[in-house]
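Undergrad: Whatever this is, show me its structure:
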Amino acid sequence: MHGWNSDELRKIADDDDLHVSPFREDGSTYVTPIWIWSVAVAGALYVRGYNGHDSRWYRAATRQKAGRIVAAGLTKEVAFEPVDGPILDSIDAAYRAKYCGNRYLEPMIGARAVRDRTDPSAGRGSMSMKQLLVYGASMLAVALGGAAIAQEPGGQYVQVAEIEVDPAQLDAYRAAIEEQIGAAIQEEPGVLLLYAVSEKDDPTRVKVFEIYRDRKAYEAHLGSDHFKKYKATVEKMVKSLKLVQATPIALGAKTK
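TA: Prediction:
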């Protein structure tokens, strides 16, 4: 786990907006970016699957061992390595410090603690302790594997964000995203379009249609003060987030 610039690692660890995209089976295209928690410990970056080794991105990462992350306005090619041993205690402590008070903290780190207690040995028919720590905890180290990604061919960067919101905080979420979109359109020349809509039958399911001038404009948006404020505000409001990269077919609109 070498190659991280200390300033970049600090920015990524502090930002809490990391999206991970391991390679697909073809080894050249990426899976849909997934927003996940991350921590930095002893000069390395660590990510963990909320659903354990059943997380799709985690399975892809362990198979392909490489992919991409986007965080703090940076896009990096990375390598993935399973980890085990005493470092896991330090990683758990980093998660507790960074995400203290978040209701998803205990589910994120609790599975490993329970399994450690209930499966203390590697008897017949059970996983060894090494396997348990690596795969049960679903912890991966992310090592820097290359330089920043070049601009995507084709110019504009288009994606759809699929969001599930806590019903009890829906009004507050709507206010936060309205403020964020207003600031982005007004202050960022590279943000061409942001439309947020909710499903009529289930308003907790929100989709945001996003078009940026290019990938650099998208990365600049992620690093903007208003977007960081939005992410911090909605952290406990958002139950799930999925980012789907898209290719425009036809875009049309009337001015009136």
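
Undergrad: hey, let's count contacts and neighbours off CA atoms from now on
TA: Noted.

Undergrad: ok, and what's touching the helix or strand A232 falls within?
TA: Assigned by DSSP states H and E, A232 falls within helix 225-234. The contact list for helix 225-234 (CA atoms under 8 Å, 6 or more residues apart in numbering) reads 15, 17, 173, 176-177, 180, 183-184, 221-222.

Undergrad: Going by distance to D26, which of those wins?
TA: Distance to D26 across the contacts of helix 225-234 (CA to CA) is lowest for D17, with 26.8 Å.

Undergrad: Would you mind confirming that that closest one makes contact with I34?
TA: No: judged on CA atoms under 8 Å, D17 makes no contact with I34 at a distance of 10.1 Å.

Undergrad: hang on, P107 is in a helix, isn't it?
TA: Yes: under DSSP: H, G, I helix; E, B strand; the rest coil, P107 falls within a helix.

Undergrad: Count residues in the vicinity of it, would you?
TA: 11 (other CA atoms under 10 Å).

Undergrad: what about it, distance to H53?
TA: Distance, P107 to H53, using CA to CA, to the nearest Å: 14 Å.

Undergrad: and D84, backbone torsions?
TA: Backbone torsions of D84, given as degrees, to the nearest 10, read phi -150, psi -180.

Undergrad: Look at it and say how many residues are nearby.
TA: D84: 19 surrounding residues under other CA under 10 Å.

Undergrad: Okay, it and D14: tell me how far apart.
TA: Taken as CA to CA, the span from D84 to D14 is 24 Å.

Undergrad: swap in A217?
TA: 21 Å.

Undergrad: Between those two, which has more neighbouring residues?
TA: Ranked by neighbour count (other CA under 10 Å), A217 and D14 place A217 first, with 21 against 15.

Undergrad: Quick one: residues contacting the residue nearest to that one when sequence neighbours are not counted.
TA: In space, and not counting its chain neighbours, A217 is closest to G190: 4.9 Å by CA to CA, 6 or more residues apart in numbering. With contact taken as CA under 8 Å, 6+ apart, G190 is in contact with 212-214, 217-218.

Undergrad: Would you tell me which one of those residues comes nearest to L74?
TA: The nearest one, if we look at those relative to L74 and count by CA to CA, is Y218, at 10.1 Å.
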